[in-house]
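[1] only geometry, no sequence info:
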């Protein structure tokens, strides 16, 4: 059965362009031209990914993302004309898995869509040699792709999950930004990317309780998970 992708954008030309490429690659496409319809479709349909514009009528993309993240961790890719670093950081901070700036190359957009689909929906695929990873009071269930702290589930995006899994599989090991980026985003690390900093910061805010530090910065080298 084809994966369903929701395109939420008030520009009909953008929706048409993305639909042509997505349907060519076998995806089922549904559309919304405002934020309220995007939420309604996500509640009604079995949506596998959302391509989300920021500047939309009735409800903007940031509000849509907050609503979606309160109930789901499906991949969300922001596609927006807002291309400055502050906007990108805000989008990623609110739970976006990726951020594409308009105008964009459709082939590059498709590569990122495929990458996020593979990364998210292959997390639980196949037989796992280790079903649970345990570091102190954190437990990562590799079958359900859920992380628990003191028995309580923690909401993570797919990128945050991949990065935390990398750390929990190798407690005490220092990982460079390149290694973290390639594990989390599934792409080759070419230039410095503040996505890593934002993601690590979000992980810390979800894990740390003011007394326990799980992910430590190793100055000049990278990050490691404390045993």
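    Perfect, I can see it now. The model shown is predicted, which means the values in this text are computed figures rather than measured ones. Numbers count the residues shown, from 1 in each chain.

[2] which residue sits closest to residue 160 in space, ignoring its chain neighbours?
    Distances taken as Cβ to Cβ, 6 or more residues apart in numbering put residue 203 closest to residue 160, at 5.5 Å, once the chain neighbours are dropped. C-betas here are computed from N, CA, C, even on glycine.

[3] On the three-state scheme, residue 72 is what?
    Under DSSP: H, G, I helix; E, B strand; the rest coil, the three-state class of residue 72 is coil.

[4] And residue 77, by the same measure?
    Residue 77 is classified as strand under three-state DSSP.

[5] Spit out the contact partners of it.
    By Cβ atoms under 8 Å, 6 or more residues apart in numbering, residue 77 lies in contact with 49-52, 96-100, 112-113, 116.

[6] Please flag which of those sit within strands.
    Using DSSP state E, 49-52, 98-100 are the members of those that sit in strands.

[7] List just the nearest of those residues to residue 18.
    Nearest to residue 18 out of the ones in strands among the contacts of residue 77 is residue 51 (Cβ to Cβ; 6.3 Å).

[8] one step back: in PyMOL, select just the buried ones from the contacts of residue 77.
    To isolate in PyMOL the members of these that are buried, counting by 16 or more other Cβ atoms under 10 Å, one can use:
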select buried, resi 49+50+51+52+96+97+98+99+100+112+113+116
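
[9] low pLDDT regions in the chain?
    For the chain, the stretches flagged by pLDDT under 70 are 1, 122-130, 187-193.

[10] care to break it down by domain?
    Following automatic domain parsing, the chain resolves into domains at 4-121, 132-225.

[11] Highest mean neighbour count across those, which stretch is it?
    Counting by mean count of other Cβ atoms under 10 Å, domain 4-121 has the highest mean neighbour count of the domains of the chain, with a mean of 18.

[12] quick one: it to chain centroid distance?
    With Cα atoms, centre = their mean, to the nearest Å as the basis, domain 4-121 stands 11 Å off its chain's centre.

[13] now for stretch 64-81, what's the gap between its first and last residues?
    From its first residue to its last, stretch 64-81 covers 17 Å (Cα to Cα, to the nearest Å).

[14] again with stretch 45-58
    20 Å.
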